[in-house]
Each structure stands twice: as structure tokens, then as C-alpha cells.
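Provided below for reference: sequence and predicted model.
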Amino acid sequence: ADRTDPRTATATLDIPAIGVGGLRIVPYKGTTDDRAGTRVQDRGEAASPYGERGGVGPGEKGNYLVTAHRIVAGGPLRELPSLGKGDSVFVTEGGTVYEYRITGTRTTSFRSAHSLAAQRAEVPGAPGEKPTQAMITVSTCATPEDDAAGNHWRDGNDNPEHRIDKIGVLVASKPS
């Protein structure tokens with residue numbers, strides 16, 4: 001079969017534990033939260049970077065990166081911080097539903113090249129390691145937490161310093 005590059009296919013995100021359903025995931029060439037990714041998020045959709053310094057597609061071995069707003073643009077990932085270990089995240093793409101199970105939480109700092117590299121690594125949190133399984137990083141801003149701590153730093157795309165990342169591993173895939 002002539003399958004297109006899965007990294008470039010639009011997918012849908014469902015996270016029942018926090019009330020997310022049918023959130024469009026729009027792929028773009030780039031890195032997490034760059035200008036192109038921010039434009040997608042500003043439309044109230046989730047963004048998924050791919051390419052030289054981006055992630056993989058749904059169900060692929062490596063780190064599938066998904067980012068969306070928490071406060072603005074409808075705040076689709078408003079409740080992401082409460083997503084817990086063992087909760088399921090579903091990504092539907094091309095007739096397949098991929099189920100990822102959350103295994104942990106990471107904090108990423110936009111002011112640290114090492115922290116950003118760890119977020120974007122093929123194995124989340126472990127730059128340079130070769131992936132052995134399909135993983136997902138679902139990421140949103142830590143604006144309320146940063147603001148409460150008196151940290152009002154923003155980058156050129158108005159991102160606060162910190163991101164809250166939920167990491168998961170693929171546990172199942174089935175026809176949608």
C-alpha cells in the first residue's frame with residue numbers, strides 16, 4: 001500500500017480523564033512551540049511538529065509531540081496538569097486508534113537548551129537515546145504556576161518559561 005508519511009497526517013486527540021474529545025492535531029514542520037506551532041495552537045487546535053528537530057507520527061517508534069493551549073484559544077488542555085499515571089490518551093489517525101498510557105510528568109523550561117532537548121528527544125527526557133517503543137509527549141503551558149511564583153518571563157511567542165509535559169507509552173492500536 002502507498003501510505004503517506006504518517007507524520008504529516010492530521011489526527012484527533014481524545015483524553016477522557018480530562019474531558020478532551022475530538023481535538024484536531026495539526027502536523028507542521030518545525031519544533032515544539034515555534035512560531036508555526038503557536039499559530040496552530042492559537043486557532044484552538046493541537047500542534048505536532050515533525051522534521052529534522054521534530055517528532056514522529058502517531059503510533060511510530062519515538063516521541064510523538066503534541067502541544068496545545070491551556071489558557072487561551074479555548075484552553076483545550078486546561079486540565080492537563082491533573083492527568084495522572086495510568087490514564088489513557090487516544091490518538092486517531094488514518095483509520096487507527098492509538099492508545100497511549102501516561103507513565104509520568106516532566107517540566108520543560110524554555111530558558112534551557114538542555115531542557116528543550118530533553119522534551120524533544122526521541123526518548124522523552126533522554127537526549128541521544130535510541131527509542132525502542134512508541135511514546136507521546138502531550139504538552140501545555142505552566143502559565144498559572146509561573147505567574148503565581150512571580151515568574152512573568154515570556155519568549156517571542158508569548159510562551160511562559162515552563163511547560164507541563166505528560167509522557168505516555170503506546171499500549172494498543174486498533175481500527176477506529
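Structure received.

Return the residues in contact with the closest residue in space to Pro81 that isn't next to it in sequence.
Closest residue in space to Pro81, ignoring its immediate chain neighbours: Ile164 at 5.3 Å, by CB to CB, 6 or more residues apart in numbering. All C-beta spots, glycine's among them, are computed from the backbone N, C-alpha and C. Residues in contact with Ile164 (CB atoms under 8 Å, 6 or more residues apart in numbering) are Leu80, Pro81, Thr105, Thr107, Ser139, Thr140, Cys141, Ala142, Glu145.

After the helix or strand where the last one lies, which helix or strand is next?
In this structure, Glu145 is located in helix 143-148 according to DSSP states H and E. If you walk from helix 143-148 toward the C-terminus, the next helix or strand you reach (DSSP H and E) is strand 162-175.

picking that back up, return the set of buried residues in the helix holding Glu145.
Residues of helix 143-148 classed as buried: Thr143, Asp146 (neighbour count, 16 or more other CB atoms under 10 Å).

Which strands or helices does it pack on?
Here helix 143-148 touches strand 162-175, going by 3 or more CB pairs under 8 Å, 6 or more residues apart in numbering; DSSP states H and E.
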